[in-house]
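Asks: Structure for the following, please:
(chains A, B and C)
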Amino acid sequence: MKENGSVQTVTVPASIGRVELAWTSDGGRVRLVGISLSEGLARPPRCKSLGTARVPRAIRRMAAVIQDGLGDIPGRITDGLVDWGMFAGFQGKVYEAVRRIPRGKVSSYGDIARHAGSPQAARAVGHAMAVNPFPLLIPCHRVVRADGSLGGFAAGLSIKERLLKLEGVMMNADSRIRRDDFWS
DNA sequence: CTTACAAGAATAT
DNA sequence: ATATTCTTGTAAG
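Replies: Numbering: from 1, shown residues only, chains lettered A, B, ... in the order given. The predicted structure follows:
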């Protein structure tokens, strides 16, 4: 665990690399403020274990899910930890739609735009994904191009690809996602 | 105001 | 099948 002002972070080793959780605790009120993914190929020089650090219980539970196969984080854990109200308007609707994409399925930028009520805003959805503060919780890796190609990913496309593979999404020979794996 | 995008569709080759 | 062009909503400068 590392401390920067009032924001504290912990780095969790995961199959896809490393996942850093950042939170604040103002007056006992723990609030997740960000998640960042990175390809932790080399042994992290200063990645302390969760054993001794003073990490809030909800953060520990989240870290456990991440270490234990990167499943979806249950709402029971994220409830009260993430202030979903901080996302207003278009961005909020986009994130809400993305959170409905089930594990093992993908959706397209255009589809999400439609769900968010701005059917022409596919590119704007892409931008919202690019600035997503909570990857995994808001599963932006499940948003791909309409033709099945991957699109982009802030933390590097190989992480997106590995996350999708981990979730059972299948690619065709031309490395495009099968039509069957599109949600809607 | 202009520019940059993690897009998409239409059109051309 | 791929390449090019045009339109597009948002955010950031």
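
Asks: Could you use CA atoms for every contact and neighbour count after this?
Replies: Fine.

Asks: buried set for the helix or strand hosting A:G34?
Replies: Assigned by DSSP states H and E, A:G34 belongs to strand A:29-38. Within strand A:29-38, the residues that qualify as buried are A:30-38, counting by 16 or more other C-alpha atoms under 10 Å.

Asks: Adjacent strands (with direction) for it?
Replies: Note on strand A:29-38: by DSSP bridges, its sheet partners are strand A:17-26 (antiparallel).

Asks: Report the distance from the strand it pairs with to the chain centre.
Replies: 12 Å (C-alpha atoms, centre = their mean, to the nearest Å).

Asks: Please identify the helix or strand for the nearest residue to A:H141 once chain neighbours are set aside.
Replies: Once flanking residues are discounted, A:H141 sits nearest to A:K160: 5.3 Å by C-alpha to C-alpha, 6 or more residues apart in numbering. Taking DSSP H and E as the definition, A:K160 sits inside helix A:157-166.

Asks: Which neighbouring elements make contact with that helix?
Replies: In this structure, helix A:157-166 packs against no helix or strand, with contacts taken as 3 or more C-alpha pairs under 8 Å, 6 or more residues apart in numbering; DSSP states H and E.

Asks: Does it reach DNA strand B?
Replies: No - Helix A:157-166 does not reach DNA strand B (C-alpha under 7 Å from any atom of the strand); its nearest approach is 8.2 Å.

Asks: what's in contact with that helix?
Replies: With C-alpha atoms under 8 Å, 6 or more residues apart in numbering as the test, helix A:157-166 has contacts from A:16-17, A:38-39, A:104, A:141-142, A:150, A:153.

Asks: Now do that helix against strand A:29-38, angle only.
Replies: 110 degrees (axes from the mean of the first three to the mean of the last three C-alpha atoms, to 10 degrees).

Asks: Return the set of buried residues in helix A:157-166.
Replies: So for helix A:157-166, counting by 16+ other C-alpha under 10 Å, buried means A:159-164, A:166.
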